[in-house]
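> pasting the sequence and the predicted model now:
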Amino acid sequence: MSKKIKAKLLKYLTRKKTISFNLKDTKKILFIRYDRIGDMVITTPVFRELKQAYPNIEISVLASNTNKDILLNNPYVNKVYTNHKNEFLNDFSTLLKLRKENFDVAVEFDHSVIPHAILRLKIINPKKIISVHKDGRYGVNGEELEMYDFYTPASKESHFRDIWLDTLQPFDINSTSNKYDIFYTKEQGQAAKNFVNQFRDKTKIGINLEGAVKGKQIKKKELYKICQKLYENNQNIQIIILTTPNKKQQVDGIISDMKMDFITSSYITKSILDVAALIDNLDLIITPDTSIVHIAAAFDKPIVTIHENNKDSYRLFAPTSTLNKTVFAKSKNGLDGYKVDDVIEYSLEFIEKINKEKYE
């Protein structure tokens, strides 16, 4: 299909009649966020800031099966629906249900022009649609897409956290906080405490070995050097390798091969909120660029991250904890060529600060 035909089809799909509606009269709003865990974590300030400004508004979120659990127990979200991005027919009944909700406003967070999001919005049919700034697609400028009533300002310097908070500007909301929200249960918190209490007063370091994207991985040889050097400099540490249930046996094998008794794997974490509870009870997190970065930031944990050599991506998803350092790889698409010695140096720097605060 030629670019011209695609451009005409895009304009046709995004046509919309103008509806007179004051956003301050909004009673029901839907947020479109069916992607990754980290994206949902970064978006959580939006729900809180809107709910605090408009306490009676009903907030619904169209989430993915992957990220929906981040919203469990969230007091600012009323309803969560599950969407499957690449299974439109399976989602059709959910989309019809959303259409019957008669939403006043829908908010779409993607900065690109996404056909499957447009189709879903057409079916849901809210009165008004807010989106982040879009440059356009197929030669069609974002301003030509009639279905979007409000765009956030174009920004080349902001973190995604703040770009997504800007979607509240049409409501005349001045956000008071951009802190992330994660709410695990008392039972999940107690399970985490029971686990870490066995290590008493040791500095507890969580290491996450890989991200969801292929190539973002701390390799076994690199892990061995990190653990060895940290222990050589401070014997009062306990390293906990964060792992999913399906990778636990593999991780236990790696730990066994390293023959270091100050390393263990995490207990079986059945959900992302189990992981969050554990992270909240650790002192330091070392991780590639992944959702673990943002979960740790929700609890303001010191973080040492490893990121591909892409400064634009880093700016958008950078860690936001008070104490954070990032080691960049040589590769633009993976973690090849990052300096393990820098990971060790930054980690030791944070361990020293953590211990100083403990005993002050």
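Arrived safely, thanks for sending.
> for the helix or strand harbouring Lys6, packing partners?
Assigned by DSSP states H and E, Lys6 belongs to helix 3-13. For helix 3-13, the packing partners by 3 or more CB pairs under 8 Å, 6 or more residues apart in numbering; DSSP states H and E come out as helix 115-124. To be clear about C-beta, it is placed using only N, CA and C from the backbone, and glycine gets the same treatment.
> what residues sit buried inside the helix holding Lys6?
7, 10, 13 (16 or more other CB atoms under 10 Å).
> can you list the residues you listed in a markdown table and add pLDDT?
Listed next are the buried residues of helix 3-13 as a markdown table, based on pLDDT from 0 to 100:
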| residue | pLDDT |
| --- | --- |
| Ala7 | 79 |
| Leu10 | 77 |
| Leu13 | 76 |
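> okay if I get these as CSV plus distance to Phe350?
Putting the buried residues of helix 3-13 into CSV (distance: CB to CB, whole Å) gives the following:
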residue, distance to Phe350
Ala7, 51
Leu10, 48
Leu13, 50
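> any idea how far the helix holding Lys6 is from the middle of the chain?
Chain-centre distance of helix 3-13: 32 Å, with CA atoms, centre = their mean, to the nearest Å.
> what does stretch 127-137 give?
For stretch 127-137 - counting by CA atoms, centre = their mean - the centre lies 21 Å from the chain centre.
> contacting residues around that stretch?
10, 19, 21, 23, 103-113, 121, 141-142, 144-145, 147-155, 163-164, 166-167, 170 (CB atoms under 8 Å, 6 or more residues apart in numbering).
> let's see it at 7 Å
In this structure, residues lying in contact with stretch 127-137 by CB atoms under 7 Å, 6 or more residues apart in numbering are 10, 19, 21, 23, 104-109, 111-113, 121, 142, 147-154, 163-164, 167, 170.
> contact partners for Asn333?
215, 308.
> and the residue most central in space within the chain, what element?
With distances taken as CA atoms, centre = their mean, the residue of the chain nearest its centroid is Gly38 (1.4 Å). According to DSSP H and E, Gly38 maps onto helix 37-53.
> just the CA trace of stretch 96-111, in PDB.
Provided in PDB are the C-alpha atoms of stretch 96-111 (Å, rounded to 0.1, in the frame of the first residue of the first chain):
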ATOM      1  CA  LEU A  96     -17.900  -2.800  23.200                       C
ATOM      2  CA  LYS A  97     -18.300  -2.900  27.000                       C
ATOM      3  CA  LEU A  98     -16.100   0.200  27.200                       C
ATOM      4  CA  ARG A  99     -18.300   1.900  24.600                       C
ATOM      5  CA  LYS A 100     -21.400   1.400  26.700                       C
ATOM      6  CA  GLU A 101     -19.600   3.200  29.600                       C
ATOM      7  CA  ASN A 102     -20.000   6.400  27.600                       C
ATOM      8  CA  PHE A 103     -16.700   7.900  28.700                       C
ATOM      9  CA  ASP A 104     -16.400  11.700  28.800                       C
ATOM     10  CA  VAL A 105     -12.600  11.600  28.100                       C
ATOM     11  CA  ALA A 106     -10.000   9.100  27.000                       C
ATOM     12  CA  VAL A 107      -6.300   9.600  27.400                       C
ATOM     13  CA  GLU A 108      -3.800   7.900  25.100                       C
ATOM     14  CA  PHE A 109      -0.100   8.100  26.200                       C
ATOM     15  CA  ASP A 110       1.700   7.000  23.000                       C
ATOM     16  CA  HIS A 111       3.800   9.600  21.300                       C
END
